[in-house]
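What shape does this take:
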Amino acid sequence: MLFSNPFRSDSESDDTNTALPYSYRPLSDETGPTVAPAKGRRPIRVIVLLLTGLLAVGLLVALMSGDGLASNGGSEMVSASVSTTNMSTSPGRIKPVSRGIKEGVSAKSFVPLLGVPQFPWTREMLAWQRTAFHFQPKKNWMNGPLFYKGWYHFFYQYNPKGAVWGDIVWGHAVSRDLIHWRHLPIAMVCDHWYDINGVWTGSATILPDGQVVMLYTGSTNESVQVQNLAYPANLSDPFLIDWVKYSGNPVLVPPPGIKIKDFRDPTTAWYRSDGTWRLTIGSKVNKTGISLVYETKDFKTYELLDGVLHGVPGTGMWECVDFYPVSKIEANGLDTSDKGAGVKHVVKASLDDDRNDYYALGTYDDTAVSWIPDDPKVDVGIGLRYDYGIFYASKTFYDEEKRRRVLWGWIKESDSESTDVKKGWSSVQAIPRTVLFDKKTGSNLLQWPVDEVNNLRSSSREFNMVTVESGSIVKLVVDSADQLDIMAEFEIDKEALETINGTDDVYDCSAAGGAAKRGALGPFGISVLADKDLSEQTTVYYYVAKGADGNLKTLFCSDQSRSSEATDVDKAIYGSTVPVLKGEKLSMRTLVDHSIVESFAQGGRTCITSRVYPTKAINGDAQLFLFNNATELHNTVRQAAERMASPTTCRRWAAVGGDGTVNARVGADYWSECRI
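Sure, this is the predicted structure:
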């Protein structure tokens, strides 16, 4: 059944004349700007939120900027005052320089030093960098998912015209298992005045009657960030190929006090017992990052509620805000609308100032419409991060079929744009991760690759009780080391831990010299994507610091400083502390997929994603090593290295209609040569 507009009543007109508070200039194909009024909403009775989805987790939002850009004349609103009482403070941050190509777009976070020559990349090197089992489009530049009728849908930021930032549309792919993907036609393009400068990040909600509502940020013909509504043209199509934009768009514009480029990324809506839905949108006032809260019954008209869900001074613009519950009791994920006893709520924000994703655990007060962090010292933007490497613009969705919350994040490029153009593609999506509350520590989340990743394991080599003496390196012979799932467990010499005096209580992964600097109790770990001479290697390691009081602090790090002989790529050292409880052994899991290395410490308490560009340690020359650079410590290692197969390519796709005819746009699916 086709729907011309499932949100329009018979009395509504398509050419609403309510004026917007900005001097928009509509394009010639529009009769004029329209917007639903802020009040006088027409109720639609809804009973329960069935499903939420993430859409277009984007480089777009990773690249937009507010402060530091040229003013847009009189259309920039004056910042309103927002109370910051009891909000945590944060040190100043360095913001990427404006790129100047399009309004609101910033430069790549990594820019090679002036005068550094471009490395002479060969076709073989660039071809090898493309990943095997991480999601990415066939070509060009990209940057989330929705579960509908048995299929995971992934809508992503995509430039169909090149491998750099440009004409951003919504790419679309579907999967049965979050691993094997089939690319579908582009879902939405920039074709109206309210999104002509970009179809940006958004979120999806499925209503009890089966309708899918999609809210997304559009950049108007005057580069104003507004929120728009879209819905599937045909709800009976499990592939959701065709999309219709609501005739009354935009449904939300920046409210007074919010600048026109500081209003983006609506979250998934959560349902309340009074029949209303709420959602948050990221913004800022001066340097205070905030999340605004809106209430709606029909997703066309909205009321801005007083105050903010939360805000933290000094954190700057909040992008891709996420808000969801986690259970302190159950070992599964929760629907976005769940609340009550035994539930914590997570607030997460992507900080435009430093391009990292921060989260905090806290308590949500539904009546006061506010969220209070458990520990203000680790509030949003100043404490815990999802990932301490290259990982940004992430959001979660609830998978009702498997009762899990799944996190998706975007892995940017950290080479030069000219190299991106040369290889013909840019950006990768991280492996989907399940998210749970860490019941053992009570202070953090656990992230772990979805179980479906395990189906790619094709062969295994186990290395049991390998002793790695102080200052030694041990080569592990595997079939091929550029596609691996590595599980390692380290048993540390307890006598050394007890006898060594506590003096090494100050250690920082990024500032301490990486894996080459030796200490009494570290570093030790694995070297991946290493050539035979170890002239190129990416090391993932632990460092145990013992303070003067005898207490231990464990750090988990990833060292890219020797990952490549190229000079025009980022070679940062990443990492942070990881909670280790009494009696626990140190464990890590590392996924190696050509140029992507994702690592998970202590069951996912601390995660690090690295983007590396080897020149020699590629194809059959990539090798795997254990190493121990501690001066006073030997350890025993149990390790398994699983060879990871590439997902089967879906070469043929058709849809079989009810009458047996093949139709590529409707009907039941039929895929050949796919393991889905």
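
show me the contacts for the closest residue to residue 387 other than its chain neighbours.
Spatial nearest neighbour of residue 387, excluding adjacent residues (C-beta to C-beta, 6 or more residues apart in numbering): residue 607 at 4.7 Å. Where you see a C-beta, it was placed from the backbone N, CA and C, and this is true even at glycine. Shown in contact with residue 607 (C-beta atoms under 8 Å, 6 or more residues apart in numbering): 386-389, 391, 433, 447, 598-601.

what is residue 607 paired to in the beta sheet?
Residues in a beta bridge with residue 607, per DSSP bridges, are residue 600.

Mind pulling up the pLDDT for it?
Model confidence at residue 607, given as pLDDT, is 98.

where along this structure do the helices fall?
59-63, 123-129, 417-423, 494-499 (DSSP state H).

Relative to residue 477, which of the ones you listed is closest?
Checking those against residue 477 by C-beta to C-beta gives helix 123-129 as the closest, at 21.0 Å.

Could you give the number of residues near residue 628?
Residue 628: 24 surrounding residues under other C-beta atoms under 10 Å.

for it, which residues make a bridge with it?
With DSSP bridges as the rule, residue 628 is bridged to residue 472, residue 524.

and what of residue 553?
Applying DSSP bridges to residue 553 gives these bridge partners: residue 545.

641 is where my numbering starts, stick with that
Done: numbering now begins at 641, and the last item shifts to residue 1193.

if we can go back for a sec, any idea how far the residue nearest to residue 1027 is from residue 1279?
According to C-beta to C-beta, to the nearest Å, residue 1247 stands 19 Å off from residue 1279.

returning to that earlier point: and which of the contacts of residue 1247 is nearest to residue 1079?
residue 1087 (14.6 Å).

ok, that closest one touching residue 1047?
Yes: applying C-beta atoms under 8 Å as the test, residue 1087 and residue 1047 come out as touching, 6.3 Å apart.

ok, these two, which is more surrounded?
Counted by other C-beta under 10 Å, residue 1087 and residue 1047 do not tie: residue 1047 has more neighbours, with 30 against 22.

Now for this protein: which strand has the highest residue count?
The strand spanning the most residues in the chain, taking DSSP state E as the definition, is strand 1097-1108.

List the buried residues in that strand.
For strand 1097-1108, a neighbour-count test (16 or more other C-beta atoms under 10 Å) marks 1103, 1108 as buried.

now the strands for the stretch 941-1090 of the chain?
Under the criterion DSSP state E, counting those that start in this stretch, strands of the stretch 941-1090 of the chain are mapped to 942-944, 950-952, 958-967, 983-991, 996-1005, 1010-1013, 1032-1039, 1044-1051, 1065-1066, 1068-1069, 1073-1077, 1085-1089.

Now the fourth one: average pLDDT?
Averaging pLDDT along strand 983-991 gives 98.

again with stretch 1229-1244
Rounded mean pLDDT across stretch 1229-1244 is 97.

Just the terminal-to-terminal distance for it.
9 Å (C-alpha to C-alpha, to the nearest Å).

in that stretch, what's buried?
For stretch 1229-1244, by 16+ other C-beta under 10 Å, it's 1229-1244.

Now, those that are in strands?
1229-1233, 1236-1241.

Would you check which pair of these lies furthest apart?
Largest separation among those by C-beta to C-beta: 1233 and 1241, giving 18.5 Å.

List the contacts of the longest strand of the chain.
Contact with strand 1097-1108 is made by 1114, 1116-1119, 1125, 1164, 1266-1268, 1274-1285, as judged by C-beta under 8 Å, 6+ apart.

Could you check how far that strand is from the centre of its chain?
31 Å (C-alpha atoms, centre = their mean, to the nearest Å).

Okay, residue 791 and residue 824: tell me how far apart.
With C-beta to C-beta as the criterion, residue 791 and residue 824 are 10 Å apart.

intersection of neighbour lists for the two?
814, 879.

Hmm, residue 860 and residue 833 touching each other?
Yes: applying C-beta under 8 Å, one finds residue 833 in contact with residue 860, separated by 6.1 Å.

quick one: which of those two has more around it?
When neighbours are counted by other C-beta under 10 Å, residue 860 comes out ahead of the other of residue 833 and residue 860, with 26 against 23.

I'd like the distance between the more buried one and residue 776.
Separation of residue 860 from residue 776 (C-beta to C-beta) stands at 29 Å.

coming back round to it: what do residue 1087 and residue 1047 both touch?
1026, 1073-1075.

so which two of those are the farthest from each other?
Using C-beta to C-beta, the pair of the shared contacts of residue 1087 and residue 1047 lying farthest apart is 1026 and 1074, separated by 12.7 Å.

more neighbours, the two?
More crowded of residue 1026 and residue 1074, by other C-beta under 10 Å: residue 1026, with 25 against 20.

Quick check: phi and psi on the more buried one?
Main-chain torsions, residue 1026, degrees, to the nearest 10: phi -60, psi -40.

now the strands for the stretch 741-890 of the chain?
780-782, 785-788, 791-799, 809-815, 822-828, 839-846, 852-859, 865-872, 883-885.

ok, of those strands, where does mean pLDDT dip lowest?
Among the strands of the stretch 741-890 of the chain, strand 780-782 scores lowest, with a mean of 46.

neighbours around the closest residue to residue 840 other than its chain neighbours, how many?
Spatially, and ignoring its direct neighbours in sequence, residue 840 is nearest to residue 857 (4.1 Å; C-beta to C-beta, 6+ apart). Per other C-beta under 10 Å, the neighbour tally for residue 857 reads 28.

any idea how far residue 857 is from residue 772?
Counting by C-beta to C-beta, the separation of residue 857 from residue 772 is 32 Å.

go on, residue 943?
Counting by C-beta to C-beta - residue 943 and residue 772 are separated by 48 Å.

cool, and residue 994?
30 Å.

Packed most tightly, which of the strands of the stretch 741-890 of the chain would that be?
strand 839-846 (a mean of 28; mean count of other C-beta atoms under 10 Å).

so what strands line up beside it?
With DSSP bridges as the test, strand 839-846 pairs up with strand 691-695 (antiparallel), strand 852-859 (antiparallel).

got the end-to-end distance for stretch 873-880?
This stretch, stretch 873-880, spans 8 Å end to end (C-alpha to C-alpha).

Only the buried residues of that stretch, if you could.
Neighbour counts using 16+ other C-beta under 10 Å place 874-875, 877-880 of stretch 873-880 among the buried residues.

Turn those residues into TSV, columns for distance to residue 922.
Output for the buried residues of stretch 873-880, formatted as TSV (distance: C-beta to C-beta, whole Å):
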residue	distance to residue 922
874	32
875	30
877	31
878	31
879	30
880	26
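
May I ask which two of the residues you listed are separated the most?
Greatest spatial distance among the buried residues of stretch 873-880 (C-beta to C-beta): 875 and 879, at 11.5 Å.

re earlier: save the buried residues of stretch 873-880 as CSV, and put in pLDDT too.
Shown next, in CSV, are the buried residues of stretch 873-880 (pLDDT from 0 to 100):
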residue, pLDDT
874, 94
875, 93
877, 95
878, 94
879, 95
880, 94
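
Give me the below-cutoff pLDDT ranges for the stretch 1091-1240 of the chain.
Residues of the stretch 1091-1240 of the chain that meet the criterion pLDDT under 70 lie in 1143-1145.

again, only this time at 80
For the stretch 1091-1240 of the chain, the stretches with pLDDT under 80 are 1141-1146, 1188.

again with the stretch 891-1040 of the chain
Of all residues in the stretch 891-1040 of the chain, none has pLDDT under 80.
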